[in-house]
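>>> A predicted structure for the sequence below; I have some questions about it.
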Amino acid sequence: MKHSPAYRLATTILHGFDEYRARFKAITLDARRRFREAAWRDAQQASAERINLYQQKIDVTLGRLKRTFDPEVVAHCESWREARGYYAELISHRLDYELAETFFNSLFCSIFHHRHIRNEWMFVYSSREDAAHRSGIELCRRQTVNGDWQGALRWALLEASLDNRFADIDSDTQLGASFLEQQLPATIVHADDTQIELLNSVFYRNKGAYLVGRIRGGGEQVPLVLPVLHGEGFGDKADADPCLHLDTVLIETDEVSIIFSFTRAYFQVDVPVPGEFVAYLQQLMPHKPEGELYAAIGFFKHGKTEFFRALNRQVAKREDQFVIAPGVRGMVMAVFVLPSFRTVFKIIKDKFDPSKEVTHEGVREKYRLVKRHDRVGRMADTQEFSNFTVRQDHFSPECLAHLLDVAPSTVLLRGDKVIIKHCYTERMMTPLNLYLEQCSDKEQVMVLKDYGNAIKQMAAANIFPGDMLLKNFGVTRHGRVIFYDYDEVCYLTECRFRHIPTNYGNDFQGGGGESLSIGANDIFPEEFGPFMFANPALRRLFMQQHPELFDPDYWLALQQAIVDGRVIDVYPYRNKQRFAGSIGQLVY
């Protein structure tokens, strides 16, 4: 039987998607082996490979379409209208249908350069939005507590798909049980029907394995996350004991939300039914956007799809307009916001301030670097959009005039439409400089401490922010400090940290008129203070909290640790929450 070109177009795209999914699953499932063997460098490489995989498979499939089909078929919208119908039928019974739709959309946008965004030609809206059905696959395992919290935790840990033995399961479960009995509501602790429920799949990221679920009882529920780690130092020493331990127990919604933060690397986790898996996670974190949860478990492209759909719904409400973002205007990026959507939109300016020695392509490469890198909870994830189109009356006049002035090659006005050729989106945060102007003295102390911790944790992950000004950092609703301005970011190992010679003054000018030779990558930490803080009181407070940041030897030691191959621990919860504690490690 001879099929139409549109049908073959649909099957070719689905074949490309199947190739992507097969490799994605292979990388993800190997996380269990990497954790078992403490292969931390392999884990970093696998994370980057999986991020790059999507575009690689899009490019391969795009090449296949261009080789297989007549150009008039591929470049004709009517072909895609017919192909969309066939494709919707082909994926109608798949458990990952929404990911397949996004793959189709990516091919369409690649062919038409992100133009002609219409639901009749691609999946602007899901093909099963009104016809979703349950798969019947059981995602969770459950255990009734019956007053024995230690026994329930023993079940939780030993029945998980972890291959290494626990060093001291009795101590771990005793500590965990004591914590739960003290911290859980009495209605849950003493209810006859209380049970622990955990997703069957283990969440792997960096050096941790996370068991995720909830505790239910007495008509109430709380989320539950059990982080499991290897013994301290394992993976750095060949003779270390490969035993596991329960590092802490997390039961607060905000704590769990931080684990799944948009500032962290994507989890490696087996997801049998993506839509149902995300729906379960939303029950644990009801304020977390659906798109962020898809991204958190590795489906960042579909996360972008869900973000776009949510943005369209919000814009249609007409509650507010796009306005210029609060804070100091950037020297490289123009930033605007839709306040009700808690998102910032960033556009690269046509011309940069003279002090910025970067190019448009250089800035885009910096954003790609951060996308691929472990963000250690301190760098915001971004989504990249092309030919983003919005009606003119959705912009405030001042905002639109500013964008047309600073980025006329990127922002175009056609009739009543504003077309933005290229932009990035990030979660909205309060700029750190504005936060410090408005917060209490106590909050000031806490946020400055976290500002220093953010710099240290990025450095531990081989990232140097370059421009460490307060305006380039933001504060989340959890009070955490996050870096979000990437135009000068680089690998820490690329920097040359130097002491200021004792025979030079603060202006680097010797008494005899001789000047100090400074290279492009030379950095003098002793000079950080005045650049970071115009306010002397804030500067003194920060230097008291983090004196090592102003010592070149601190940075040189970090560089050496990275060169030596150490993967430094950065945990997504506070050190004081850890059962065993940790000496000399970087923690949230």
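Looks like it came in fine.
>>> What residues sit buried inside stretch 404-419?
By 16 or more other Cβ atoms under 10 Å, the buried positions in stretch 404-419 come out as 406, 407, 410, 411, 418. Yep, even glycine has a C-beta here, placed from its N, CA and C like the rest.
>>> Can you verify my assumption that residue 439 contacts residue 447?
Yes. Proximity of residue 439 to residue 447 meets the contact threshold set by Cβ atoms under 8 Å, at 6.6 Å.
>>> Give me the longest helix you can find in the protein.
helix 40-68 (DSSP state H).
>>> And that one, what's buried?
For helix 40-68, by 16+ other Cβ under 10 Å, it's 40, 43-44, 46-47, 50-51, 53-54, 57-58, 61-62, 65.
>>> any idea which helix or strand comes after it?
helix 71-74 (DSSP states H and E).
>>> Tell me the helices and strands packed up against that following helix.
Counting contacts by 3 or more Cβ pairs under 8 Å, 6 or more residues apart in numbering; DSSP states H and E, helix 71-74 packs against helix 5-29.
>>> Now do the helix it packs on and helix 40-68, the angle between them.
Between helix 5-29 and helix 40-68, the angle comes out at 170 degrees (axes from the mean of the first three to the mean of the last three Cα atoms, to 10 degrees).
>>> Pull the distance from the longest helix of the chain to the chain's centre.
What separates the centre of helix 40-68 from the centre of its chain is 19 Å, taken as Cα atoms, centre = their mean, to the nearest Å.
>>> model confidence over it, on average?
Across helix 40-68, pLDDT averages out at 94.
>>> ranges for the strands of the stretch 201-350 of the chain?
Counting by DSSP state E, counting those that start in this stretch, the stretch 201-350 of the chain has strands at residues 203-205, 208-217, 220-230, 244-246, 323-324, 333-338, 343-348.
>>> Could you do the stretch 51-200 of the chain as well?
With strands called from DSSP E, counting those that start in this stretch, the stretch 51-200 of the chain shows them at 140-144, 195-199.
>>> Counting by contacts, list what the longest helix of the chain packs against.
By 3+ Cβ pairs under 8 Å, 6+ apart, helix 40-68 packs against helix 5-29, helix 31-36, helix 97-112, helix 300-317, helix 360-372.
>>> try 6 Å
For helix 40-68, the packing partners by 3 or more Cβ pairs under 6 Å, 6 or more residues apart in numbering; DSSP states H and E come out as helix 5-29.
>>> buried residues in the helix it packs on?
Using 16+ other Cβ under 10 Å as the test for burial, helix 5-29 gives 5-10, 12-14, 16-17, 19-21, 24, 27-28.
>>> so residue 42 touches residue 34, yeah?
Yes. Shown here, residue 42 and residue 34 form a contact pair, counting by Cβ atoms under 6 Å, at 5.1 Å.
>>> tell me the domain boundaries of the protein?
5-112, 140-313, 317-429, 431-587 (automatic domain parsing).
>>> Alpha carbons of stretch 269-280, as CSV, please.
Taking Å, rounded to 0.1, in the frame of the first residue of the first chain, the C-alpha atoms of stretch 269-280 are listed here in CSV:
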residue,chain,number,x,y,z
VAL,A,269,14.9,9.4,36.7
ASP,A,270,13.0,6.7,34.9
VAL,A,271,9.5,8.1,34.1
PRO,A,272,7.1,5.5,32.8
VAL,A,273,4.2,7.9,32.2
PRO,A,274,5.4,11.5,32.0
GLY,A,275,2.0,13.2,32.4
GLU,A,276,1.0,11.2,35.4
PHE,A,277,4.4,11.4,36.9
VAL,A,278,4.3,15.2,36.7
ALA,A,279,0.7,15.3,38.0
TYR,A,280,1.9,13.3,41.1
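>>> and the longest helix of the chain with helix 97-112, angle?
Per the same axes, to 10 degrees, the angle that helix 40-68 makes with helix 97-112 is 60 degrees.
>>> ok so, going back, more neighbours: residue 439 and residue 447, which one.
Between residue 439 and residue 447, residue 447 has the larger neighbour count (other Cβ atoms under 10 Å), namely 20 against 16.
>>> where does that one land in three-state SS?
Three-state call for residue 447 (DSSP: H, G, I helix; E, B strand; the rest coil): helix.
>>> remind me which residues of the stretch 151-300 of the chain are low pLDDT?
Filtered on pLDDT under 70, the stretch 151-300 of the chain yields the residue ranges 232-242.
>>> Tell me where it has helices.
Along the stretch 151-300 of the chain, counting by DSSP state H, counting those that start in this stretch, helices occupy 169-183, 186-189, 253-259, 274-284, 290-296, 300-317.
>>> out of these, deepest packed?
helix 290-296 (a mean of 23; mean count of other Cβ atoms under 10 Å).
>>> which outside residues touch that helix?
For helix 290-296, the surrounding residues in contact (Cβ atoms under 6 Å, 6 or more residues apart in numbering) are 260, 262, 267, 278, 281, 302, 303, 306, 307.
>>> if we can go back for a sec, switch the strands of the stretch 201-350 of the chain over to JSON lines; also include distance to residue 482 and mean neighbour count.
Formatted as JSON lines, the strands of the stretch 201-350 of the chain follow (distance: least, Cβ to Cβ, whole Å; neighbours: other Cβ atoms under 10 Å):
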{"stretch": "strand 203-205", "distance to residue 482": "18", "mean neighbour count": "22"}
{"stretch": "strand 208-217", "distance to residue 482": "20", "mean neighbour count": "22"}
{"stretch": "strand 220-230", "distance to residue 482": "21", "mean neighbour count": "21"}
{"stretch": "strand 244-246", "distance to residue 482": "28", "mean neighbour count": "23"}
{"stretch": "strand 323-324", "distance to residue 482": "21", "mean neighbour count": "16"}
{"stretch": "strand 333-338", "distance to residue 482": "15", "mean neighbour count": "22"}
{"stretch": "strand 343-348", "distance to residue 482": "12", "mean neighbour count": "23"}
